[in-house]
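Colleague: Quick one, what's the 3D model for this:
(2 chains)
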Amino acid sequence: MKQVFKRPETLIKTTTHFCPGCHHGTVHRLVAEAIDRLGVREDTIGVAGVGCGVFLYDYLAVDVCEAPHGRAPAVATGIKRVNPEKIVFTYQGDGDLASIGMSEVVHTANRGENITVIFVNNSVYGMTGGQMAPTTLLGQQTTTSPRGRDFHYDGYPIRMAEMLATLEGVAFAARVAVDKPANLRKAKQAVNTAFEMQAKNMGFTFVELLSACPTNWYMTPLAALRRIEEEMIPYYPLGIFRQRKAADYL
Amino acid sequence: MEERIMLKGSVALAEGALTAGCRYYFGYPITPQNDIPEYLSLHMPERGGVFIQAESEVASINMLLGAAAAGARAMTSSSGPGISLMQEGLSYMAGSELPCVVVNITRSGPGLGGISPTQGDYKQATCGGGHGDYYLIVLAPSSVQEMYDLTIRGFELADKYRNPVMILGDAILGQMKEPVTLRDAKPVTYDKPWALTGPKGRKPQLVKSLYLKDGEMEVHNWKLAEKYRRLAEEDTMVEVDEDADADIAVVAYGSCARIVISAVEMAREEGIRVSRIRPITLYPFPSGEIRRVSEKVGRFLTVEMNTGQMVRDVRLSVAPGCDVRLLARPGGAIPTPQQILAEIRKALE
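Modeller: Numbers count the residues shown, from 1 in each chain, chains lettered A, B, ... in the order given. So this is what the prediction gives:
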C-alpha cells in the first residue's frame, strides 16, 4: 500500500513541550514539510526568536541559531550574507517580531533580504505568561491588560502582513490561519511559496500564521479554535497582500 | 616585501581588518569613527566582502552575531552611545562563544557627551559591559601601527578564544596619520567546525546561550571562566620601559600613554628614576607585570583621560603598601607632559 502521510524528514521524532491546543507544533510541521518539499534540509539554517518558539532546535533537524529578543531578522541577515546559497528562515512570535523586533523586521524586509520570516501570531506573550502583545485584540484580557485592551491606553492591534506588504523589498507577504483543515491547506501553500521564492532568490518572504494559545487565552483548545475564526480573522483578514512575480522587479 | 606607508588611524584599522581576512562589516554612522565605515563601504566589496549600513547599532551587532555564527570573520565599529546599544548582542555573543571584533572609537560621556578624545569607556569595556558573567578581550592601540597590528591580532584572538574582542581607541588614534608597516605574513586562522552552514553530512548544530536545565548554566559559566584564565595566562600584552632603580612607575594606555612617554623623557633628563608601564590588553589586565614592578617601586602614578577607572585595576594589582596616585582628565581634556611631570615630582616629594 502506498504511504500518503508520514513524519517529514526535517521534523525530529520526539514529544513537544508545547501546551495542549498550542499551534507551534502545527507550524513547525508546515515549515518542516516546506523544507522537505524543496529537499534542502541539509542546506537550511533557522533563527529562533525568544519565546515558546526558541526550542525550534529540539524539533527541526536543521542548523539553528538563537537570536536575542526581536533580533532574529538581523541575525538571519548576517547568516544569509555569509551563506547566500543556503536557505535561511526566522521563526518568531508576535511579541518578538511586532514589538521589540519591529525595527529589525521592517528594515530586513526593506533591504529585500532573501530570507523567510515565519511569524506566529497568537495575540499574546506566551512564554512569559500571557502579557499583552502589540497584536492583542481590543477588549482581550491579559495579565497586563486585566480590564481588557483599551485603545485609549494601549493603542490598536498591529497588522504586520499588510504593513510589510507596502515595502518594495518584500517579495511575498501573506496571512494564513491554522485553525481548520481548509485554512491549514492554504497555510501550507503559503509557507511552501515563501520557501520556494527564497530558493529562487526572489527576496524577502513573510508568512503570518494566526494561531491559538489556549493556556494564555484561558480557553479549552476547542474554544480557542473558535476564537481564531470568530475574533481573530475578522480583525486580521487572511490573504496574500504582496506577491512578486519575478526576482528583477524594478 | 613589507610596505611602509602613511595612513590615518581609522584607515590603518580598516586595512588591518581586511588583512586579517575580515570580509563582513555591519555598522551605523556615529562620530568620531565614520572614516572606518566610509573606507570599508568602498574597499570591502572590492575584496569580495559585504558592507551593510544597518538601521541601528542594535541591528549591527546582531548581523555580526549571525555572520560570526556562520563562521565568518566579521566586525563592526561605533562609539560610546552605539557601543551601549550593542551590549545586549555582545552578551549573547560571549554566551554563545562567537568570535568578532568590535571597535570603539570613544566619545566622552555619559549621554551624548562629546567627540574629543577620552578614555571614559574603560570600565564598560573591561567589565564585560552587558549582563551576565563574561568579559570581552580588550585591546588598546597607542599608535597608528598598532591600530593596524592589533586589529589583525584581535581577529586571531577572537577566533582562538571564541569570544568578542573590543579595540578601544579614541579620536586621536582614529584621526592622526603616521607611518605604518603593512605586513606580508598571513593571519593565523582557526577551524570552525561549530559554524552554522546547514547540516550537510553531519548532525544539526546549534548556537545558543540559553541554559535552563538545573546546573547547566553553572557548568557553562565555569567553562567561560576557565577560558578567561587561559587568556590571561597566554595572551596578556604589556609594554614595560623599566628603570631597574626607579623611584616611581607611571601607568597609562592608548593615546594617553604617548603623552606619558614625553613626560618620562623630561623626568629622566632631570635625573628622576622612573619606569613606564603601558597595558596593551586592558582585559586581561597585566596585573602580573604591575605587581612585579611594584615589588621594587613603592610609588605609582596612573594617568587617564577619565575621572579614574583603570586606577582601580592598578590598585588591585600592586604589592601591599604601594602608593598609587591618579592624574585624571575627563570629558575630552588631554593631560600635558608638563602636568604629568609635575605630578611625578609631587609624588616623590
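Colleague: contacts and neighbour counts: CA atoms only from here.
Modeller: Fine.
Colleague: quick one: low-confidence ranges for chain B?
Modeller: B:1 (pLDDT under 70).
Colleague: now swap in chain A and tell me
Modeller: Ranges of chain A meeting pLDDT under 70: A:248-250.
Colleague: Can you show me the helices along it?
Modeller: In chain A, the helices defined using DSSP state H lie at A:24-38, A:56-59, A:72-82, A:94-95, A:102-111, A:151-154, A:160-165, A:181-199, A:214-217, A:221-227, A:233-235.
Colleague: what about the fourth one, distance to the chain center?
Modeller: Average the C-alpha atoms of helix A:94-95, do the same for its chain, and the two points are 10 Å apart (C-alpha atoms, centre = their mean, to the nearest Å).
Colleague: helices or strands up against it?
Modeller: strand A:116-121 (3 or more C-alpha pairs under 8 Å, 6 or more residues apart in numbering or on different chains; DSSP states H and E).
Colleague: could you measure the spatially most central residue of chain A against residue A:160, distance?
Modeller: Residue closest to the mean C-alpha point of chain A, counted by C-alpha atoms, centre = their mean, is residue A:119 at 1.9 Å. Here residue A:119 is placed at a distance of 9 Å from residue A:160 (C-alpha to C-alpha, to the nearest Å).
Colleague: what do you get for residue B:219?
Modeller: 40 Å.
Colleague: what's the answer for residue A:167, then?
Modeller: Noted for residue A:167: a distance of 12 Å to residue A:160, by C-alpha to C-alpha.
Colleague: Would you mind naming what in chain B lies close to chain A?
Modeller: With C-alpha under 8 Å from any C-alpha of the partner chain as the criterion, chain B meets chain A at residues B:50, B:55, B:59-60, B:62-70, B:72, B:88-89, B:92, B:196-201, B:203-209.
Colleague: Out of the residues you listed, list just those in strands.
Modeller: Using DSSP state E, the subset of the residues of chain B next to chain A located in strands is B:50, B:206-207.
Colleague: got TSV for the residues you listed, with neighbour count too?
Modeller: Below are these laid out as TSV (neighbours: other C-alpha atoms under 10 Å in any protein chain shown):
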residue	neighbour count
B:50	20
B:206	21
B:207	23
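Colleague: Out of those residues, the closest to residue B:174 would be?
Modeller: residue B:50 (22.5 Å; C-alpha to C-alpha).
Colleague: wait, isn't the closest one in contact with residue B:18?
Modeller: No: contact status for residue B:50 versus residue B:18: not in contact, 11.5 Å apart, counting by C-alpha atoms under 8 Å.
Colleague: overlap in contacts of those two?
Modeller: residue B:44 (C-alpha atoms under 8 Å, 6 or more residues apart in numbering or on different chains).
Colleague: still on that earlier bit, residue B:219 and residue A:160: which has the busier surroundings?
Modeller: The neighbour comparison of residue B:219 against residue A:160 (other C-alpha atoms under 10 Å in any protein chain shown) goes to residue A:160, with 25 against 12.
Colleague: Who are the contact partners of that one?
Modeller: Counting by C-alpha under 8 Å, 6+ apart, residue A:160 touches A:98, A:208.
Colleague: Ok, residue B:4 next?
Modeller: B:179-182 are the contacts of residue B:4 under C-alpha under 8 Å, 6+ apart.
Colleague: In PyMOL, how would I select just the buried ones from these?
Modeller: Only the buried entries of the contacts of residue B:4 go into this PyMOL selection, using 16 or more other C-alpha atoms under 10 Å in any protein chain shown:
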select buried, chain B and resi 180+181+182
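Colleague: out of the contacts of residue B:4, which are inside helices?
Modeller: Per DSSP H, the subset of those in helices is empty.
Colleague: from the contacts of residue B:4, which single one is nearest chain A?
Modeller: residue B:182 (27.0 Å; C-alpha to the nearest C-alpha).
Colleague: So that closest one is in contact with residue B:2, correct?
Modeller: Yes: between residue B:182 and residue B:2 there is a contact under C-alpha under 8 Å: 5.9 Å.
Colleague: where does chain A come near chain B, residue by residue?
Modeller: Those residues of chain A that sit near chain B, judged by C-alpha under 8 Å from any C-alpha, are A:41-45, A:57, A:61-68, A:71-72, A:74-83, A:86, A:103-104, A:107.
Colleague: In ChimeraX, how would I select the buried members of these?
Modeller: With 16+ other C-alpha under 10 Å as the criterion, this ChimeraX line picks the buried residues out of those:
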select /A:41,42,43,44,45,57,61,62,63,64,65,66,67,68,71,72,74,75,76,77,78,79,80,81,82,83,86,103,104,107
